[in-house]
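Asks: take a look and give me a structure for this.
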Amino acid sequence: MNPPTNYWEQLDSELIPRLITVGFHPVDFPAIPPPNTTGVNYTAFAAPYALLFCVRISSESSEQISFAANYACDAMRDALAKAGAKDWNLDGYVVVAIQSAPTSIETKQCLSTFEQSRSICRRHAIWPEPLSTDKSVLSWTARLDRVTVLALPEYETPVSPVEMAMPATKFLEDIYSRLASGASYKLVAEEAIRAARDREDFYAS
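Replies: Modelled structure (predicted):
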């Protein structure tokens, strides 16, 4: 009997839209996985500001998780080093996904050790959890929300700044007039603060 949910398809349905929203697109994984990684799948995504590797691991074996996670981190190190020739500001994320919440002490410790290490890149372990509104439904949402780069606000195309209309008060007119006459910004600012303090303006500091 087939399981009621294909967890990897569900992960894609929740993960891919988030990646697209913050500017990622799929790319080839930059390394050839070793032959002894049955049940492990490596995918890669790139954005102008970061690389993200997602490692799907079918087994809960702490040894396999540790091996696959370390391999992905090593591949990330090499990828960031190559990219560094053009941009040392590129960030790196390795996301390890397992099909269910860890149950063994060994697996929990393995994932905790993986996440707590911040060498090379940022690291997150994810798995589906019951929804707070319906415990019978499993979702990756809660764990994906912890992946910092996926929680960024939706990217919006920058727009040209619009000059805000300032109230034509005598106070502001005096400032504009002083600047137009060639007075230094520092001098004008100091005079403005002093005048505000004389009027007991609470926000002048």
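
Asks: can you spell out which helices and strands pack onto the lengthiest helix in the chain?
Replies: Criterion DSSP state H: the longest helix present in the chain is helix 62-83. Contacts defined by 3 or more C-beta pairs under 8 Å, 6 or more residues apart in numbering; DSSP states H and E place helix 62-83 against strand 40-47, strand 50-57, strand 91-98, helix 105-116. Using the backbone N, CA and C atoms, a C-beta is placed for each residue, glycine as well.

Asks: where does the protein dip in pLDDT?
Replies: 1-5, 85-88, 152-205 (pLDDT under 70).

Asks: and if we set it to 90?
Replies: 1-7, 33-39, 59-60, 82-90, 117-120, 130-138, 148-205 (pLDDT under 90).

Asks: domain map for it?
Replies: With domains defined by automatic domain parsing, the chain comprises 7-151, 164-205.

Asks: coming back round to it: quick one: closest of the helices and strands packed on helix 62-83 to Leu131.
Replies: Nearest to Leu131 among those is strand 91-98 (17.8 Å), distances taken as C-beta to C-beta.

Asks: got the angle for that closest one vs strand 50-57?
Replies: Per axes from the mean of the first three to the mean of the last three C-alpha atoms, to 10 degrees, the angle that strand 91-98 makes with strand 50-57 is 10 degrees.

Asks: now strand 91-98 and strand 40-47, what's the angle there?
Replies: 150 degrees.

Asks: which secondary structure elements does strand 91-98 contact?
Replies: strand 50-57, helix 62-83, helix 105-116, strand 122-126.

Asks: good, wrapping up.
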